[in-house]
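Asks: Could you work out the structure for the sequence below:
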Amino acid sequence: MPAPKSGNKRVRGEGSIRERRRTREGTWYQLRWESGNGKERVYHSETLGPTTKTEAAARLREHILERDRLRSQGVVQQPKLCVGEWLLRWLHETARHNVRPRTYSAYEGIVRNKLVPALGHIRLRDLGVAEVQSYINHRRELGDGARWIQHQRTVLRAALTEAERQGLVSRNVARLVRVPTAAREEVKPLSPDDARAFLEAMRGERLEALYATSMALGLRQSEALGLTWSDVDLDGATLTVRRSLQRYDHEYHLDPVKTVRSRRTLHLPSPLVATLRAHRDRQAFERAAPGWQGWPDGDLVFCREDGYPLSGPVVTKTFQERLVALGLPRVRFHDLRHGAATYLLAAGVSMRVVMETLGHSQMATTSDLYSHVLPEAQRDASERMAKVLF
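Replies: Residues are numbered from 1 along each chain as shown. The predicted model follows:
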């Protein structure tokens with residue numbers, strides 16, 4: 001019996017082409033092929049036309065090559081898995097165990113309120129650069145800021161990175177989209193004269209010590225509000241930053257600081273020691289009052305009159321109201337931290353010491369933020385060198 005001619009026997013896995021109908025314009029063909037591994041097979045089909053059988057065969061060949069490429073990369077075809085289902089699974093199985101609670105809360109909000117409503121219906125394997133770019137462009141049209149759009153892309157990219165690691169997608173399309181660039185906000189702290197005037201005006205106020213501590217040590221607001229008296233050694237004139245006050249799940253939490261660099265011990269200037277002593281004495285009277293309850297999670301240095309944590313937004317609003325009332329520039333509370341760095345650099349303190357004081361992880365972060373101070377510092381160094389040599 002003669003061997004079958006080439007092309008008469010269809011090999012398993014090569015797919016098939018069936019003629020569906022003929023029209024005046026040409027012939028319509030249905031392509032069929034399969035993917036998957038082992039017993040779990042996924043069947044696909046596509047109808048082309050009007051076209052020629054040669055063109056249909058070329059199109060089928062493209063599908064087969066793409067399938068084989070994905071197989072070689074270990075990609076597991078799950079055609080029914082949608083983006084929304086994957087994002088929620090990633091939140092529960094991956095993100096929850098690998099990010100801080102407040103970060104997880106932010107991720108969950110972005111996933112449930114932004115990404116799932118817009119992209120959740122798309123099959124994960126069909127999500128492409130065009131769909132994600134369209135989403136980014138739409139968020140811009142709705143007025144989302146550049147930094148907020150970057151946060152959304154960050155969450156989607158993290159979820160797709162895990163999908164890529166598990167072989168559910170062949171590439172992370174979120175890496176390839178274009179997002180708007182967020183303009184770096186210019187650092188505009190209070191001038192030394194304005195800072196001194198502000199502290200002088202706050203003398204005797206309930207939050208005087210909070211303003212003075214943040215301004216003198218360059219603490220982040222969450223670090224200052226997360227201080228407990230066990231972190232402060234007034235006799236030794238030191239303060240240790242260990243935790244930060246965070247609000248998520250409708251409650252306040254004292255969480256460890258993010259990085260090893262953020263955990264630091266700082267020396268207290270003698271005037272600040274005196275201010276903190278006066279603050280502690282004032283707080284002792286508040287503790288004796290009937291309204292004092294005390295927050296169960298910590299003996300807070302800076303708190304409300306009933307002992308519970310201060311709200312960051314309320315602290316910022318009060319701070320800015322004081323500035324306006326004094327006729328001083330209206331700056332953010334975070335600019336007190338910028339001011340501390342600026343004053344230190346202008347006084348000739350090395351960039352390394354400023355980096356350690358602020359708790360930055362890298363020297364580049366400090367130099368990028370405060371490069372505007374360097375020319376003045378370099379000019380001062382030049383004058384000092386002139387005195388030494390000439």
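Asks: Using the three-state scheme, assign the spatially closest residue to Ser16 that is not a sequence neighbour.
Replies: In this structure, Ser16 finds its nearest non-sequential neighbour in Arg32, 4.9 Å apart by CB to CB, 6 or more residues apart in numbering. Where C-beta positions appear, they are placed from N, C-alpha and C, glycine not excepted. Using DSSP: H, G, I helix; E, B strand; the rest coil, the structure places Arg32 in strand.
Asks: And for Arg32, the neighbour number?
Replies: Arg32 has 14 neighbouring residues, counting by other CB atoms under 10 Å.
Asks: And Glu46, by the same measure?
Replies: Glu46 - counted by other CB under 10 Å - has 13 other residues nearby.
Asks: Who does it form a beta bridge with?
Replies: Judged by DSSP bridges, the bridge partners of Glu46 are Leu31.
Asks: List the contacts of the residue nearest the centre of the chain.
Replies: Here the mean C-alpha position of the chain is nearest to the C-alpha of His151 (CA atoms, centre = their mean), at a distance of 5.8 Å. Applying CB atoms under 8 Å, 6 or more residues apart in numbering, we find His151 in contact with 106, 110.
Asks: Please repeat the previous calculation with a cut-off of 7 Å.
Replies: His151 makes contact with Ile110, according to CB atoms under 7 Å, 6 or more residues apart in numbering.
Asks: ditto for the one 5 residues further on
Replies: By CB under 7 Å, 6+ apart, Leu156 lies in contact with 115, 132, 174.
Asks: Check which helices and strands the host helix or strand of Glu19 sits against.
Replies: Assigned by DSSP states H and E, Glu19 belongs to strand 16-22. In terms of contacts (3 or more CB pairs under 7 Å, 6 or more residues apart in numbering; DSSP states H and E), strand 16-22 is packed against strand 27-37, helix 53-72.
Asks: just those: most buried one?
Replies: strand 27-37 (a mean of 18; mean count of other CB atoms under 10 Å).
Asks: what is the rounded mean pLDDT of that one?
Replies: Taken as a whole, strand 27-37 has an average pLDDT of 79.
Asks: Same check on stretch 162-170?
Replies: 85.
Asks: for that stretch, which positions count as buried?
Replies: Buried positions in stretch 162-170, judged by neighbour count with 16 or more other CB atoms under 10 Å: 162-164, 168-169.
Asks: likewise stretch 196-204?
Replies: 198-199, 202.
Asks: Repeat that for stretch 234-249.
Replies: Residues 239, 241-248 are the ones in stretch 234-249 that count as buried (16+ other CB under 10 Å).
Asks: would TSV of the buried residues of stretch 196-204 with secondary structure, distance to Cys303 and pLDDT be doable?
Replies: Shown next, in TSV, are those (DSSP: H, G, I helix; E, B strand; the rest coil; distance: CB to CB, whole Å; pLDDT from 0 to 100):
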residue	secondary structure	distance to Cys303	pLDDT
Phe198	helix	22	95
Leu199	helix	21	94
Met202	coil	18	95
